[in-house]
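1. Any chance you can model this:
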Amino acid sequence: MVFCGVVACLTSLSIGYVIGSPNIPESAIRGLGGDCGPHAPYTIQQGFPNCFLFSDLLWGFAIGSYCLGAFAGSLIGGGLQNRYGRIKALFLSSAVYILGSIVLGLAFHQAQFILGRVIIGFACGLGGVVAPTYLGEIATIQGRGVLGTFHQLFLVIGLLLSNLIGLGWSAPPGWRFVLAFNGVPALIQCFFLTQLVESPRYLVSQKRIKEAERSLQILRGSEKSVSVQEELDDMILLLLGRRISVDDGKNRIDSLSSSLSTESLPPTVQRGGSAATLQNDSSTVPPAPLHRGNKQVNTSQEPYGFLTLFRSECRGLALIGVSIHFLQQATGINGLVYYSTSFLGDTFGPGNSKYITVGVSVCNLLATTCAVVLIDRVNRKTLLMASFGGVAVSAMLLVIGAYTEVGVLVAVALFLYIIAFAIGLGPIPWLLLSEFLPTYALSSASSAATGVNWSFNFIIGLLFPSLTKAMGNSTFILFGIFCVIGVAFVWFYVPETRGRSIELVMAEKGVPPRSPNSS
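-> Here you go, the predicted structure:
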């Protein structure tokens, strides 16, 4: 299980690398401060320009443009992983990373630079849907918290890696190697993806029950030491609306697989003298929607599309997940991640700001590691509220430090900002959806939430330089207000998921599991 999670999260590492890769080399890419040479700043070497002329607004667009690709990737990611499976979708993501890295490394014009960012952003969006979904579906309830934080942990590792490589290759034409290096983790992932097992929940949703049992057994351990029958039964009940009472484990799986492959689902199947009974089943009548209270329960075996999802019994939980992703970006965290070097340069000078940026990334990694330790010891809601509150306080301190020109306070506030974000808001939004939504609703909800995340990521990346130029550090007051709203939203609406099954969280919110009955 851990091996599969680590390999899947090489996608997350690539996302972090993409986010951080233009930060430190910015002055070299743009030719600021004579970094491309005092006499001919945009000279051509071996057929490629050393630097590109970017205005502040165009640079903001170029940095944020990968979010446009990510938005597109996230929107189709749910459909792709439902149709072809989680592993094949990760293969596609890796291939697009490699293509985007080549385009960026060989860029000869601003337009090609932006195109490369869009291409590699598509891979980020696709991988940002598939990797957290896969992690949530392969994890045990006990290991779900730690495994779920792997996405954010590897993202932060990728961010730090991009900063370290950027320090060594920040002068022209070294920035090309910084941008092209993102293809390396994707190449490594392509090799190891052949060793991964498909998500058992996905296989159950496709009625491939025998494969699901084999996959689950591989993830949980040897058959002699671990029995997966009860866990598999719970998956089948939640995803297909059937529970099976058995006399013999082997015949149970054979009978279920056989019955699910037919149009007619008889209530009882006899095989070899061992009964396998499909409870709560229908006869030959096609499934019809259920009406419970004022909610319509879709009993189709197909995964929900976007429109179906937001008209279904799962719409409330899906909207909670989407809202948390919006509020994560509304903290303004990516404004600091994208522009910390130039932002800190105003206070500490451009030379020192590079090293402070690396220090911030190290702090981010350490704080995220603490989140891995805390995630299964502290309630998700507590961590989220503490995270929102900590970012709000840090934003206020940063504004005070900037206006009083106390550089030390600015630096301390920046580090606190990163720490507060990392302990809750970093990992938990990516984890929550897979903890309270079933597989048939998860892909579309993940696509919607990730799409919202990337779209506001783009807006922050585009507007942050202009906002800070127009409003100065007062911009962080706006981010602090959103954090206060976040505290209230988590308190009133977000369900607690730590150590609880999906079925239990759904029941608490009044969301029934899928059922084939029409009565």
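
2. for the longest helix along the chain, which positions count as buried?
-> What stands out as the longest helix in the chain, according to DSSP state H, is helix 439-471. Neighbour counts over helix 439-471 (16 or more other CB atoms under 10 Å) mark 439-458, 460-465, 467-468 as buried. All C-beta spots, glycine's among them, are computed from the backbone N, C-alpha and C.

3. Likewise for stretch 158-171?
-> Here stretch 158-171 shows Gly158, Leu159, Leu160, Leu161, Ser162, Asn163, Ile165, Gly166, Trp169, Ser170 as buried, counting by 16+ other CB under 10 Å.

4. element containing the first one, please.
-> Following DSSP states H and E, the helix or strand that holds Gly158 is helix 144-168.

5. what helices or strands is that helix leaning on?
-> Judged by 3 or more CB pairs under 8 Å, 6 or more residues apart in numbering; DSSP states H and E, helix 144-168 is in contact with helix 2-8, helix 10-20, helix 110-138, helix 174-180, helix 350-374, helix 428-436.

6. Please compute how far that helix lies from its chain's middle.
-> Offset of helix 144-168 from its chain centre (CA atoms, centre = their mean, to the nearest Å): 12 Å.

7. ditto for stretch 189-205
-> With CA atoms, centre = their mean, you get 17 Å for stretch 189-205.

8. What are the buried residues along that stretch?
-> 189-190, 193, 196-205.

9. ok, back up a step: please tabulate the helices and strands packed on helix 144-168 in JSON lines, including the columns distance to Glu313 and mean neighbour count.
-> Below are those laid out as JSON lines (distance: least, CB to CB, whole Å; neighbours: other CB atoms under 10 Å):
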{"stretch": "helix 2-8", "distance to Glu313": "29", "mean neighbour count": "19"}
{"stretch": "helix 10-20", "distance to Glu313": "31", "mean neighbour count": "28"}
{"stretch": "helix 110-138", "distance to Glu313": "20", "mean neighbour count": "26"}
{"stretch": "helix 174-180", "distance to Glu313": "45", "mean neighbour count": "22"}
{"stretch": "helix 350-374", "distance to Glu313": "32", "mean neighbour count": "18"}
{"stretch": "helix 428-436", "distance to Glu313": "13", "mean neighbour count": "26"}
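
10. Out of the buried residues of stretch 189-205, list just those in helices.
-> Per DSSP H, the subset of the buried residues of stretch 189-205 in helices is Gln189, Cys190, Leu193, Pro200, Arg201, Tyr202, Leu203, Val204, Ser205.

11. Closest to Leu365 out of those residues?
-> Proximity of these to Leu365, judged by CB to CB, is greatest for Gln189, which lies at 20.2 Å.

12. Now do the contacts for the closest one.
-> With contact set as CB atoms under 8 Å, 6 or more residues apart in numbering, Gln189 has these partners: Val7, Leu10, Thr11, Ser14, Leu90, Ser94.

13. so can I have a markdown table of these showing pLDDT and distance to Tyr304?
-> As requested, those are exported to a markdown table (pLDDT from 0 to 100; distance: CB to CB, whole Å):
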| residue | pLDDT | distance to Tyr304 |
| --- | --- | --- |
| Val7 | 96 | 28 |
| Leu10 | 95 | 29 |
| Thr11 | 95 | 24 |
| Ser14 | 94 | 28 |
| Leu90 | 95 | 22 |
| Ser94 | 95 | 27 |
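
14. Any chance of TSV for those, columns distance to Phe421?
-> Output for those, formatted as TSV (distance: CB to CB, whole Å):
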residue	distance to Phe421
Val7	26
Leu10	23
Thr11	21
Ser14	21
Leu90	27
Ser94	28
